[in-house]
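Student: Mind looking at a prediction? Sequence and model below.
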Amino acid sequence: PPPSLPPSKPPPSPQPTGAEEENKGFIDCQSHHTSIDPMFVRVERQTLRRLRTGAVLFTIRTYQYHLRSLQQMPAAAAGLHHTLLHMDPKAARYKSVDKWKGPALDFLAKVARPSKL
């Protein structure tokens, strides 16, 4: 008869991946927010570059800023204000915008250049 295999050990317990720390800055979209303090803006910069070989390289660079940092960027605040006001209702629902839109719009309106609103 073939030799018996040793009893299998249970799989090791999962180790922390750091995702808990990464998600610390995200807004809990299960409840409504009355303050902008927990709010961050995430921006993606996507580029396409043709290499000398003819291949195309696609890159994504993400940036995350506290919403309050837009006090230093009134034009960006005006752009975000406009985007939130004119967002497609389906997209807004998908992103849970109604749970944080009020305080964000109030803040952005104060910061944005009046001529940009």
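Tutor: Now that the structure is in, tell me what you want to look at. Numbers count the residues shown, from 1 in each chain.
Student: Quick check: phi and psi at R61.
Tutor: phi -120, psi 130 (degrees, to the nearest 10).
Student: burial measure for it, as a count.
Tutor: 9 (other C-beta atoms under 10 Å). (C-beta placed from N, C-alpha, C; glycine too.)
Student: Would you mind confirming that it makes contact with R42?
Tutor: No. Using C-beta atoms under 8 Å, R61 is not in contact with R42; the gap is 11.5 Å.
Student: Okay, helices next: where are they in the protein?
Tutor: Here the chain has its helices, by DSSP state H, at 19-22, 74-85, 89-94, 101-111.
Student: Isn't R45 up against F58?
Tutor: No. Counting by C-beta under 8 Å, F58 is not a contact partner of R45; they are 11.7 Å apart.
Student: ok now do F58, which residues does it touch?
Tutor: Counting by C-beta atoms under 8 Å, 6 or more residues apart in numbering, F58 makes contact with Q46, T47, L48.
Student: Relative to P103, which of these is nearest.
Tutor: Distance to P103 across these (C-beta to C-beta) is lowest for Q46, with 28.7 Å.
Student: neighbours around the nearest residue to that closest one once chain neighbours are set aside, how many?
Tutor: Nearest residue to Q46 in three dimensions, chain neighbours excluded: I60, at 5.3 Å (C-beta to C-beta, 6 or more residues apart in numbering). I60: 8 surrounding residues under other C-beta under 10 Å.
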